[in-house]
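*Asks:* sequence unknown, structure follows:
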DNA sequence: ACAAAGAATGAACAATGATTCAATAATTCA
DNA sequence: TGAATTATTGAATCATTGTTCATTCTTTGT
């Protein structure tokens, strides 16, 4: 016996894996999943294409992991906004705003996560994460119902509506067709859009004019 | 000169084109766009694969046409429901119900139209049709605002929220993963789901509890 | 019936990119 | 150092399907 994986090697491999993940993330950030080629990722990460397959079963697996990673960040932000002190409606408003603002700030990635056509395994992740969002909102709605500031309702269904309303509202502005060649000074003021979304959702939940 | 296209030929060609369209529609109804192979469609339609290319530029073009066709049917139904006599809210409720019921009755096609990952050209059609839905709802909302039964608001944004809420609510029940092997007596009662959607949307619009 | 023109055929082709794997390099430890 | 083991490489391979096109069959008008 003359070779046993040592700690140093383990770390080096972990670093390579991480670099691959980061470069994939970067590729997706730049052009979505469809345009992220394994060869391109490998080149970016400074490894051979084959090496990627020692770290990930397949392209779909790699993409699914990156999808999870990217979405989890967003889910965490929403969770954070919902965990803030304040009334349930305030917290929901914060969460929706957070979600929309972050999406509009990183439109390509947001579009990749929300609406880009993706491979089945990645689509599964998307489904799962939409549920994750819905669950967060659902919990907040439940609290609202308990506190009495939100009327009794099917919290799960309502949260789904909420996720749909915000996602759909963003698809237009995020779509690459629509977003084709962003104008140079494209710092559109999205506040009115965000405000309308928030109003619609809060009203939908509470049935109270605002 | 010895051959000139005659009326009979024109009709025969038109019939072939239509048969191709119908068979594509059927394939999509059975397994979505992804599983609809050109060869399968050709066999179903009783023509050679090459023949399909005398009628359509490419697979994407064919699929885009079928997408248009299928979605237009649904758009028409929604338009119909919105053109019914009654108050704006009643009509909106009818339209939402119509949309949801039809989707749940033909879940594979509905999923293909709403959420299945599709080729770019088809995705464009989807974007266009989502706008078509939104425009219909937008007009109704405008009428509501004029009539005074809906508070003043950005009708376009609101209609988008509305489309998103209903689409998202249906994605879960429609998704093939979730819908995997439908149980034999799968005539789930979807009324509660539909009612929640309607309530959320109408409240979102009007800010009035119901 | 026949020549001209077009339509239909479907096996072969092409394009795309993910994946493999034989060869090579690097690492470990006695 | 060198043998054993593992990691890396990247050009070649594979797999999947949409698309083409030389050939064959139909239609048409004289």
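*Replies:* Received the coordinates, thanks. All of these numbers come straight from a predicted model, not from anything done at the bench.
*Asks:* only C-alpha atoms from now on, for both contacts and neighbour counts.
*Replies:* Fine.
*Asks:* so, low pLDDT: which residues of chain A?
*Replies:* Low-confidence segments of chain A (pLDDT under 70): A:1, A:177-187.
*Asks:* go again using 80 as the cut-off
*Replies:* A:1-2, A:177-188 (pLDDT under 80).
*Asks:* tell me the residues of it that contact DNA strand C?
*Replies:* A:1-9, A:36-39, A:49-51, A:53, A:58-60 (CA under 7 Å from any atom of the strand).
*Asks:* so residue A:62: helix, strand or coil?
*Replies:* Under DSSP: H, G, I helix; E, B strand; the rest coil, the three-state class of residue A:62 is helix.
*Asks:* quick check: residue A:154 touching residue B:194?
*Replies:* No - judged on CA atoms under 8 Å, residue A:154 makes no contact with residue B:194 at a distance of 11.5 Å.
*Asks:* residues contacting the residue positioned nearest the centre of chain A?
*Replies:* For chain A, residue A:71 is the residue whose C-alpha lies nearest the centre (CA atoms, centre = their mean; 3.3 Å). When contacts are counted by CA atoms under 8 Å, 6 or more residues apart in numbering or on different chains, residue A:71 touches A:113, A:129.
*Asks:* host element of it?
*Replies:* Following DSSP states H and E, one finds residue A:71 within helix A:59-83.
*Asks:* looking at residue A:154 and residue B:194, which is more packed in?
*Replies:* Set residue A:154 next to residue B:194 and count neighbours by other CA atoms under 10 Å in any protein chain shown: residue B:194 wins out with 22 against 14.
*Asks:* contacts only, for the more buried one.
*Replies:* Residues in contact with residue B:194 (CA under 8 Å, 6+ apart) are B:97, B:100.
*Asks:* mind checking the SS state of it?
*Replies:* helix.
*Asks:* can you tell me how far it sits from DNA strand C?
*Replies:* 40 Å (CA to the nearest atom of the strand, to the nearest Å).
*Asks:* so residue A:122 touches residue A:66, yeah?
*Replies:* No - at 9.3 Å, residue A:122 does not count as touching residue A:66 under the criterion of CA under 8 Å.
*Asks:* what about the top helix by length along chain A, near DNA strand D?
*Replies:* Counting by DSSP state H, the longest helix found in chain A is helix A:120-147. No - judged by CA under 7 Å from any atom of the strand, helix A:120-147 stays clear of DNA strand D, getting no closer than 12.4 Å.
*Asks:* who does that helix touch, helix- and strand-wise?
*Replies:* Applying 3 or more CA pairs under 8 Å, 6 or more residues apart in numbering or on different chains; DSSP states H and E, one finds that helix A:120-147 makes contact with helix A:59-83, helix A:88-105, helix A:155-174.
*Asks:* any idea which of those helices is most buried?
*Replies:* Highest mean neighbour count among the helices and strands packed on helix A:120-147 (mean count of other CA atoms under 10 Å in any protein chain shown): helix A:155-174, with a mean of 25.
*Asks:* show me how far that helix is from its chain's centre.
*Replies:* How far helix A:155-174 lies from its chain's middle: 13 Å, per CA atoms, centre = their mean, to the nearest Å.
*Asks:* where does chain A come near chain B, residue by residue?
*Replies:* Residues of chain A lying close to chain B (CA under 8 Å from any CA of the partner chain) are A:116-119, A:124, A:127, A:154, A:157-158, A:160-169, A:172, A:177, A:193, A:196-197, A:199-210.
*Asks:* one more time with 7 Å, if that's ok
*Replies:* A:117-118, A:157-158, A:160-162, A:164-169, A:196-197, A:200-201, A:203-205, A:207-209 (CA under 7 Å from any CA of the partner chain).
*Asks:* neighbours of the closest residue to DNA strand D within chain A, how many?
*Replies:* For chain A, the residue closest to DNA strand D is residue A:50, as judged by CA to the nearest atom of the strand, at 3.1 Å. Using other CA under 10 Å, residue A:50 has 11 other residues around it.
*Asks:* and the gap between it and residue A:65?
*Replies:* Between residue A:50 and residue A:65 the computed distance is 18 Å (CA to CA, to the nearest Å).
*Asks:* same question for residue A:136.
*Replies:* 21 Å.
*Asks:* and for residue A:128?
*Replies:* 13 Å.
*Asks:* and what of residue A:92?
*Replies:* 28 Å.
*Asks:* for residue A:164, same thing?
*Replies:* Where residue A:65 is concerned, residue A:164 sits at a distance of 24 Å (CA to CA).
*Asks:* contact residues of chain A facing DNA strand D?
*Replies:* A:1-5, A:12-13, A:16, A:46-51, A:54.
*Asks:* burial count for residue A:190?
*Replies:* So residue A:190, with other CA under 10 Å, has 12 neighbours.
*Asks:* doesn't residue A:150 make contact with residue A:144?
*Replies:* Yes - at 4.9 Å, residue A:144 counts as touching residue A:150 under the criterion of CA atoms under 7 Å.
*Asks:* just checking, residue A:116 is part of a strand?
*Replies:* No - counting by three-state DSSP, residue A:116 is not found in a strand; it is coil.
*Asks:* for residue A:118, give its distance to residue A:67.
*Replies:* 10 Å.
*Asks:* repeat for residue A:149
*Replies:* 35 Å.
*Asks:* what do you get for residue A:161?
*Replies:* 23 Å.
*Asks:* ditto for residue A:146
*Replies:* From residue A:146 to residue A:67 the distance is 34 Å (CA to CA).
*Asks:* kindly report the same for residue A:124.
*Replies:* 10 Å.
*Asks:* need the max-distance pair from the residues of chain A next to DNA strand D.
*Replies:* A:1 and A:46 (31.0 Å; CA to CA).
*Asks:* give me the more crowded residue out of these two.
*Replies:* residue A:46 (14 against 3).
*Asks:* now the more buried one: phi and psi?
*Replies:* phi 70, psi 40 (degrees, to the nearest 10).
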